[in-house]
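how does the following fold in three dimensions:
(chains A and B)
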Amino acid sequence: MKLIAVGFLCVGILMGCANKAPPTLYYQIGGNAGIEKLIDSFINQIGNDEQVFHYFEHTNIAHFRQGFILHMCMLTDGPCKYSYAGDSMVDIHTGMNITEKDFNHVVDLLVNAMNEQNIPHPIQNKILSKMAPLRGDIINI
Amino acid sequence: MVKIKYLFVSVLLLVSLPTFANSSGKLLATPGVSQVEGSGGGGIVPWAQLAGYASEDEFSVNGFCSRADVSDYALNVCGAQLNLFNRVELSYAKQEFDVPALNTEIEQSITSAKIRLYGDIVYSQWPQLSLGIQHKSLDDGTVAKLVGAEDTSGTDYYLAASKLHLGAFAGYNWFWNVTTRYSEANELGLLGYGGGNADSAFLFEGSTAVFLSRELAIGIEYRQKANNLNLGEQDWKDVFVAWMPNKNVSVTAAYLDLGRIAGADDQTGWYLSVTGYW
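Numbering: from 1, shown residues only, chains lettered A, B, ... in the order given. As a prediction, the model looks like this:
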């Protein structure tokens, strides 16, 4: 309903919105399909990595994939409703004792995945800047 | 002969790096490079980051050599840094300052330590903050005494703050560092410490850079200088390009504008520095 109202408003001010709001990161990385490809690349990177694979050994990959896709959709301001009633970042990572070093290594793997998906460097940085504040809820707990 | 030896050691280190490489816990390029007094930094400014890729669970050892060639002088520096758990950085550097006009070479040893007080340049809300000390000593103080310096050794103290802002400029990462230094050194101490014109000893230094990619940064630096000897010592500036293709090596090139040095005006020229990390 709100969307429709905003739509009418846009028409009302004659294309004003079309020039104003830049597309969200979500659309810049190809929407849901783009995110799915990125997360699959990322999972593939982790699966082939000796240093951090052990953290994911007992992870339900399908569950992780769905959770991460939704999370990425939110982080990139996509049109996702966060009805996800899963665990919090802190709950997920508590007891894993992820080190500073391994956290940064996973960032390296995510960068590899973004490169694999040909996501432009500036867009990569914008994604990383959305994720960086989460580090405190992930490492050394 | 000494230069050839340095070169040989450097090449040997670079070749053997992959064998010893054991610390890689920081993100690529975030430790910065090696500054001219041996501390982790840019080219002329020590930064808040600790040299090397050690994270809080690791230690790392780095070696570097740099050369600056300006109109009337040249400076060769080689040194090494030890990073302990990304908390403490210890370093040693040896400087050789060539003055061809006088057929003289001035040598100086610098022993330094830096402690990280707070933060992480990427992740913390506030900038990373570090406190550093550089103790410098001339091997032979003849020239320093001749130009009117009071001492042939001295100690600098500095406080540095730095931050990397992800995606700050149209998606490109932006880095800055600000350093305040207490120093009585004349031209890094190569012309001794103190002098008849000694004034305010707190000096401002700053660097800023933009990363064009994960591996390549371009930036500028500024370093305020005192004029203790009344020889018209001027502030230093440079424009640099740093290339960090992986976590084992970095190469930095810069154009220097060092102003007036010991009576010789317009000392501009080139700087090249290589650091190996393992």
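
buried set for stretch A:107-121?
By 16 or more other CB atoms under 10 Å in any protein chain shown, the buried positions in stretch A:107-121 come out as A:V107, A:D108, A:L109, A:L110, A:V111, A:A113, A:M114, A:Q117, A:I119, A:H121. To be clear about C-beta, it is placed using only N, CA and C from the backbone, and glycine gets the same treatment.

out of those residues, which touch chain B?
A:V107, A:D108, A:V111, A:H121 (CB under 8 Å from any CB of the partner chain).

what helix or strand is the third one on?
For A:V111, the enclosing helix or strand under DSSP states H and E is helix A:100-116.

list the helices and strands whichever helix or strand comes after that helix packs on?
Toward the C-terminus, helix A:100-116 is succeeded by helix A:121-131 as the next helix or strand (DSSP H and E). Applying 3 or more CB pairs under 8 Å, 6 or more residues apart in numbering or on different chains; DSSP states H and E, we find helix A:121-131 packed against helix A:25-28, helix A:61-75, helix A:100-116, strand B:153-169, strand B:172-182.

so where's chain A shaky on pLDDT?
Confidence mapping of chain A against pLDDT under 70 gives the ranges A:1-20, A:82-86.

do the same with the stretch 151-278 of chain B
For the stretch 151-278 of chain B, the ranges with pLDDT under 70 are B:200.

in it, what residue comes closest to chain A?
B:G171 (2.1 Å; CB to the nearest CB).

excluding chain neighbours, give the residue nearest to that residue in space.
Nearest residue to B:G171, sequence neighbours excluded (CB to CB, 6 or more residues apart in numbering or on different chains): A:P122, at 2.1 Å.

can you count the residues close to the one you found?
By other CB atoms under 10 Å in any protein chain shown, the residues close to A:P122 number 15.

who are the contact partners of the residue of the stretch 1-150 of chain B found nearest chain A?
Taking CB to the nearest CB, chain A has its nearest neighbour within the stretch 1-150 of chain B at B:G25, 3.1 Å off. Residues counted as contacts of B:G25 (CB atoms under 8 Å, 6 or more residues apart in numbering or on different chains) are A:T99, A:E100, A:K101, A:N104, A:H105, B:Y53, B:A54, B:S55, B:E56, B:D57, B:E58, B:N86.

buried ones in stretch B:108-115?
So, applying 16+ other CB under 10 Å, buried residues of stretch B:108-115: B:Q108, B:S109, B:I110, B:T111, B:S112, B:K114.

same check on stretch B:88-102?
Buried, per 16+ other CB under 10 Å, within stretch B:88-102: B:E89, B:L90, B:S91, B:A93, B:K94, B:Q95, B:E96, B:F97, B:D98, B:V99.

next one: stretch B:128-144
So stretch B:128-144, judged by 16+ other CB under 10 Å, has buried residues B:Q128, B:L129, B:S130, B:G132, B:Q134, B:K136, B:S137, B:L138, B:G141, B:V143, B:A144.

contact residues of the stretch 1-150 of chain B facing chain A?
Residues of the stretch 1-150 of chain B lying near chain A (CB under 8 Å from any CB): B:S24, B:G25, B:K26, B:L27, B:L28, B:S55, B:E56, B:D57, B:E58, B:N86, B:V122, B:Y123.

just the pLDDT at the fourth one, thanks.
Think B:L27. According to the prediction, B:L27 has pLDDT 97.

what strand or helix carries it?
Residue-wise, B:L27 maps onto no helix or strand under DSSP H and E.

please give me every residue in contact with the closest residue to chain B within chain A.
The nearest approach of chain A to chain B comes at A:P122, 2.1 Å away (CB to the nearest CB). By CB under 8 Å, 6+ apart, the contact list for A:P122 reads B:G167, B:A170, B:G171, B:Y172.

look up how far B:V210 lies from it.
Using CB to CB, to the nearest Å, A:P122 is found at 11 Å from B:V210.

residues of stretch A:130-137 that come out buried?
In stretch A:130-137, counting by 16+ other CB under 10 Å, buried: A:K130, A:A132, A:R135.

ok, the second one - contacts?
Translated: A:A132. B:V122, B:Y123, B:L166.

in the contacts of B:G25, which residue is surrounded by the most others?
B:A54 (28 neighbours).

restrict the helix holding A:V111 to CA atoms and write it as PDB.
Only the C-alpha atoms of helix A:100-116 are listed here, as PDB (Å, rounded to 0.1, in the frame of the first residue of the first chain):
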ATOM      1  CA  GLU A 100      40.700 -11.900  13.900                       C
ATOM      2  CA  LYS A 101      42.900 -13.600  11.300                       C
ATOM      3  CA  ASP A 102      40.300 -16.100  10.100                       C
ATOM      4  CA  PHE A 103      37.600 -13.400  10.000                       C
ATOM      5  CA  ASN A 104      39.900 -11.400   7.600                       C
ATOM      6  CA  HIS A 105      40.500 -14.500   5.600                       C
ATOM      7  CA  VAL A 106      36.800 -15.000   5.100                       C
ATOM      8  CA  VAL A 107      36.600 -11.400   4.000                       C
ATOM      9  CA  ASP A 108      39.400 -12.300   1.400                       C
ATOM     10  CA  LEU A 109      37.200 -15.200   0.300                       C
ATOM     11  CA  LEU A 110      34.200 -13.000  -0.100                       C
ATOM     12  CA  VAL A 111      36.300 -10.600  -2.200                       C
ATOM     13  CA  ASN A 112      37.400 -13.500  -4.300                       C
ATOM     14  CA  ALA A 113      33.700 -14.400  -4.800                       C
ATOM     15  CA  MET A 114      32.800 -10.900  -5.700                       C
ATOM     16  CA  ASN A 115      35.700 -10.900  -8.200                       C
ATOM     17  CA  GLU A 116      34.400 -14.200  -9.600                       C
END
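
gap between it and the chain center?
Helix A:100-116 has its C-alpha centroid displaced from the chain centroid by 13 Å (CA atoms, centre = their mean, to the nearest Å).

sorry, back to before: inside strands: which ones of the buried residues of stretch B:88-102?
Mapping the buried residues of stretch B:88-102 onto strands (DSSP state E) picks out B:E89, B:L90, B:S91, B:A93, B:K94, B:Q95, B:E96, B:F97, B:D98, B:V99.
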